[in-house]
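K.L.:
missing the sequence, but the structure's below:
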C-alpha cells in the first residue's frame, strides 16, 4: 500500500548545519497491516511516519501510494490523498478549544469541504466507539487528557480512512487510556484498516503484527 | 458545523484579547481614515461650491470697480457701487450663460443679531436666481420676502452652535423692519461670514431715506454669472462687446485664494491617510506574524487533516477580515457620529471653508472606510499566512512545537 524507496531526508538548520533524519530507508507497508515503528528519540520515527503519510517530501527517494509515485505530486493532490485515504493521530490531541467534541470530530469534513448531513450520524457512531457518546457537546477543556486523545482518534476516523498513522498516540496518557487506544487500533486493524503506529514503548509495539526499528535514521531491523 | 466561516468565527472567540487587539487596531485605523477623508471631502466640496460661486463664474460690476469686486467678497469691505438692473437681462441674452444672479450692496448697519451687537454689511440677493449662497446654507428652508440669511459669524461666535435647535427663533431689525433669521451660511473664510443677506424685493420696498436706506431705484451692484464649462473667457468678451459700461472680473483668482487657504490642511489630511494606511498594514502584519507563529502547529495539523493550502489560507484570512470588519465598522460609526454631532463646533474651531457631506454621503464614506480597512488587513495578513503555508504540514507541526 505504501512503499518508501531509498528515502533520505535532510533538514537544514541555519545556513551550515544539516540533520540527516532518514538515511536510505526502503520499506513497504502492506494493506491491512498493523506496523509499529520503534526506536529511541531522534531515530527518525516521526519523519518516517511523515513520509508515509505524505506530510513531508523526501530529499531523495520515491514514495509510492497504492503503487503510484506520489513524491512530486502537486500539493493539492497530496492533500486530497491525505484527506480521503489517511487518518492522523499526533502526539498532542490539538483539538480546537471553541469547538465541542462532535464539531472537533467533524472538522476534517468541514475543512475538506465534503460535509454532508449524514456525517453527523457517523461522527456520533465513531465517538460511541471510542466511549465518548455522552460527551458530544463538551468543550475540550471539559474533557480529561485521555478523553481528548480519544476525540482525536475519532477525528482520525471520520473520513473512513484506509490507513491510520499515529505518532506516539499514547504519550502522556495513563495506562488505562493507553491500553484503550491500542485496543482500538487492533480492532480497526481487524476490520481491514492499515495502521502505522510510532511508539517508543516496546510493550505496545508487541501488539502490532510487525515492528520496524530505526536508529540514527537508518533501518535497524524489521521484525514480523 | 458545515461552514468554514463558523470555524473562523469560533477561532476569533477563542482568544478574545487577540481579537479585541486586532479589531481595536482596525477601529482606530477606520476612525482616522474616516475623519481625514471626511475633512478632505468637505473641503473639496466647499471649493467646488466656491468655484460655482466665484471661481468658474464671472462677476460683472460697474465700470471702474473691477478691482474692488474681489476684495469686497473676500474681506467683506462694504463698497457702494451701482448699475442699472437692466444689465442682468442683457447679459442673460448670451447663450453660453447658465445663470446670472444680481446682488445689491446696501449698507453696513449697526444692529443686534442673535443677542450680539455689531456692524454688519447688508447685501440684497435674488433667491429665485441665486446659485451662490444656497451651496453654503446650513438648512434647506424656504426663504420668504422678510427672511434673513446670516453669515456664520454674524450672530456672534456662538450662535451657530445653537442654530440646529428648532426652538431658536431670532429676529433682527434692519432698516426699520423686523427680519426673521431663517438660515445661516457655513464659514467660508470670506466676507460673507459677517454679512447679512436680505431679499432683493425687501430691499427695494424699504428703500426710503427714513429707513436710512438710499440707493438708486432699479439698480444693482453686481451680477454673478455662471457660464457653461470652459466658456468664461468667451462670455467675458461677449459681455464686454455689449458696451454696458461694466467691468467683467473672472472669479478664478478668488478660487485660488480659497485653494491656498485649504491646501496645507488638505495635504496634511492626505499625508495622514497615507501614514495611517501604512501603519495599519504594518500593525496587522506584525500581529498576524505573531499569531501565525503561535498557531503553526495547529495550521500543520489542519493541513495534515486534509485542509488544502487554499482552504487554510481562506480560514486565516477570514479571521483577519471578520475582526477588521467589526473593528472598522465600529471605528467608522464612532467617527461619523462624533463629526456629525459636533460639526458646528468643528467649523468654529477650524475656521476653514468646509461643507460637510450629507448623511447618505457620510454613510458611503463609512462603508468605503470599512472596506478599505478590511482590505488592508487582509492584504497585510496575506504575507505571514503565505509564508507559513509554504511549509509542508510536518514542517509546520515541528516548527510549531
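P.N.:
Perfect, thanks for sending it. Remember, it's a predicted structure, so these values are computed and weren't measured experimentally.
K.L.:
Give the other helices and strands that the longest helix belonging to chain B contacts.
P.N.:
Ranked by residue count and defined by DSSP state H, the top helix of chain B is helix B:252-294. Helices and strands touching helix B:252-294, by 3 or more Cβ pairs under 8 Å, 6 or more residues apart in numbering or on different chains; DSSP states H and E, are helix B:16-50, helix B:66-75, helix B:309-341, helix B:359-389. (Each C-beta comes from the backbone N, C-alpha and C, glycine too.)
K.L.:
now the second one: mean pLDDT?
P.N.:
Read that as helix B:66-75. Across helix B:66-75, pLDDT averages out at 63.
K.L.:
what's the following helix or strand after the longest helix of chain B?
P.N.:
The helix or strand immediately downstream of helix B:252-294 is helix B:296-304, counting by DSSP states H and E.
K.L.:
Now that residue A:19 has come up, it's in contact with residue A:10, right?
P.N.:
Yes: contact criterion Cβ atoms under 8 Å: residue A:19 and residue A:10 qualify, at 6.8 Å.
K.L.:
for the residue of chain A found nearest chain B, what are its contacts?
P.N.:
Using Cβ to the nearest Cβ, the closest approach of chain A to chain B is made by residue A:83 at 2.6 Å. Shown in contact with residue A:83 (Cβ atoms under 8 Å, 6 or more residues apart in numbering or on different chains): A:108, A:112, A:114, A:159, B:305-306.
K.L.:
average pLDDT across the longest helix of chain B?
P.N.:
Rounded mean pLDDT across helix B:252-294 is 79.
K.L.:
Flag every residue of chain A that's near chain B.
P.N.:
A:46-47, A:50, A:53, A:55-57, A:75-76, A:79-80, A:82-84, A:88, A:90, A:92, A:94, A:96-99, A:103, A:106-108, A:110-113, A:115, A:155, A:159 (Cβ under 8 Å from any Cβ of the partner chain).
K.L.:
how much space between the residue nearest the centre of chain A and residue B:305?
P.N.:
The residue lying closest to the centre of chain A (Cα atoms, centre = their mean) is residue A:165, at 2.1 Å. According to Cβ to Cβ, to the nearest Å, residue A:165 and residue B:305 sit 12 Å apart.
K.L.:
what does residue B:311 give?
P.N.:
For residue B:311, the distance to residue B:305 - Cβ to Cβ - is 10 Å.
K.L.:
Same question for residue B:199.
P.N.:
Counting by Cβ to Cβ - residue B:199 and residue B:305 are separated by 78 Å.
K.L.:
ok, the two, which is more surrounded?
P.N.:
Set side by side, residue B:199 and residue B:305 show more neighbours around residue B:305, with 26 against 22, by other Cβ atoms under 10 Å in any protein chain shown.
K.L.:
May I ask you to confirm that the more buried one is in contact with residue A:105?
P.N.:
No: at 11.0 Å, residue B:305 does not count as touching residue A:105 under the criterion of Cβ under 8 Å.
K.L.:
shared neighbours, residue A:165 and residue B:305?
P.N.:
Residues touching both residue A:165 and residue B:305 (Cβ under 8 Å, 6+ apart): residue A:88.
K.L.:
which pair in the contacts of residue A:83 spans the largest distance?
P.N.:
The distance between the two most remote of the contacts of residue A:83 (Cβ to Cβ) is 11.9 Å, for A:114 and B:305.
K.L.:
Is residue A:62 in contact with residue A:68, as I believe?
P.N.:
No: assessed by Cβ under 8 Å, residue A:62 is found out of contact with residue A:68, at 10.5 Å.
K.L.:
Which secondary structure state does residue A:11 sit in?
P.N.:
strand (DSSP: H, G, I helix; E, B strand; the rest coil).
K.L.:
was I right about it contacting residue A:18?
P.N.:
Yes: Residue A:11 lies in contact with residue A:18 (Cβ under 8 Å); the separation is 7.0 Å.
K.L.:
Between the two, which is the more surrounded one?
P.N.:
Between residue A:11 and residue A:18, counted using other Cβ under 10 Å, the more crowded position is residue A:11 (14 against 11).
K.L.:
May I have the residues that are in contact with the residue nearest to that one when sequence neighbours are not counted?
P.N.:
Ranked by Cβ to Cβ, 6 or more residues apart in numbering or on different chains and with sequence neighbours excluded, the top spatial neighbour of residue A:11 is residue A:19, at 4.6 Å. Taking Cβ under 8 Å, 6+ apart as the contact definition, residue A:19 lies against A:10-11, A:13.
K.L.:
List the contacts of residue 81.
P.N.:
Assuming you mean chain A. Residue A:81 makes contact with A:54, A:65, A:70, A:73 under the criterion Cβ under 8 Å, 6+ apart.
K.L.:
Wait, chain B was what I had in mind.
P.N.:
B:61-62, B:65, B:68, B:105, B:221.
K.L.:
that older thread, show me whatever sits in contact with both of residue B:305 and residue A:105.
P.N.:
Between them, residue B:305 and residue A:105 share these contacting residues under Cβ under 8 Å, 6+ apart: residue A:155.
K.L.:
hang on, residue A:208 packs against residue A:29?
P.N.:
No: Residue A:208 lies out of contact with residue A:29 (Cβ under 8 Å); the separation is 11.1 Å.
K.L.:
overlap in contacts of the two?
P.N.:
Residues touching both residue A:208 and residue A:29 by Cβ under 8 Å, 6+ apart: residue A:35.
K.L.:
Reduced to three states, what does residue A:61 come out as?
P.N.:
strand.
K.L.:
Spatially nearest residue to it, not counting backbone neighbours?
P.N.:
Closest to residue A:61 by Cβ to Cβ, 6+ apart is residue A:7, at 3.7 Å.
K.L.:
The one you found: neighbour count?
P.N.:
Neighbour count for residue A:7, taken as other Cβ under 10 Å: 26.
K.L.:
tell me which element it is part of?
P.N.:
Assessed by DSSP H and E, residue A:7 sits inside strand A:2-13.
K.L.:
Could you list every helix and strand in contact with that strand?
P.N.:
Right, strand A:2-13 is packed against strand A:17-29, helix A:45-52, strand A:60-65 by 3+ Cβ pairs under 8 Å, 6+ apart.
K.L.:
Show me what the second one packs onto, helices and strands only.
P.N.:
Using 3+ Cβ pairs under 8 Å, 6+ apart, the elements in contact with helix A:45-52 are strand A:2-13, strand A:17-29, strand A:34-38, strand A:163-167, strand A:194-198, strand A:210-215, helix B:393-400.
K.L.:
By mean pLDDT, show me the worst of these.
P.N.:
Of all these, helix B:393-400 carries the lowest average pLDDT, namely a mean of 82.
K.L.:
got the angle for that one vs helix B:359-389?
P.N.:
Per axes from the mean of the first three to the mean of the last three Cα atoms, to 10 degrees, the angle that helix B:393-400 makes with helix B:359-389 is 100 degrees.
K.L.:
List the buried residues for helix B:393-400?
P.N.:
Neighbour counts over helix B:393-400 (16 or more other Cβ atoms under 10 Å in any protein chain shown) mark B:393-398, B:400 as buried.
K.L.:
how does chain B divide into domains?
P.N.:
Following automatic domain parsing, one gets these domains for chain B: B:4-48+B:261-400, B:57-250.
K.L.:
secondary structure element for the residue of the stretch 301-401 of chain B found nearest chain A?
P.N.:
Going by Cβ to the nearest Cβ, chain A is nearest to residue B:306 of the stretch 301-401 of chain B, at 2.6 Å. Secondary structure from DSSP H and E places residue B:306 outside every helix and strand.
K.L.:
All set now, cheers.
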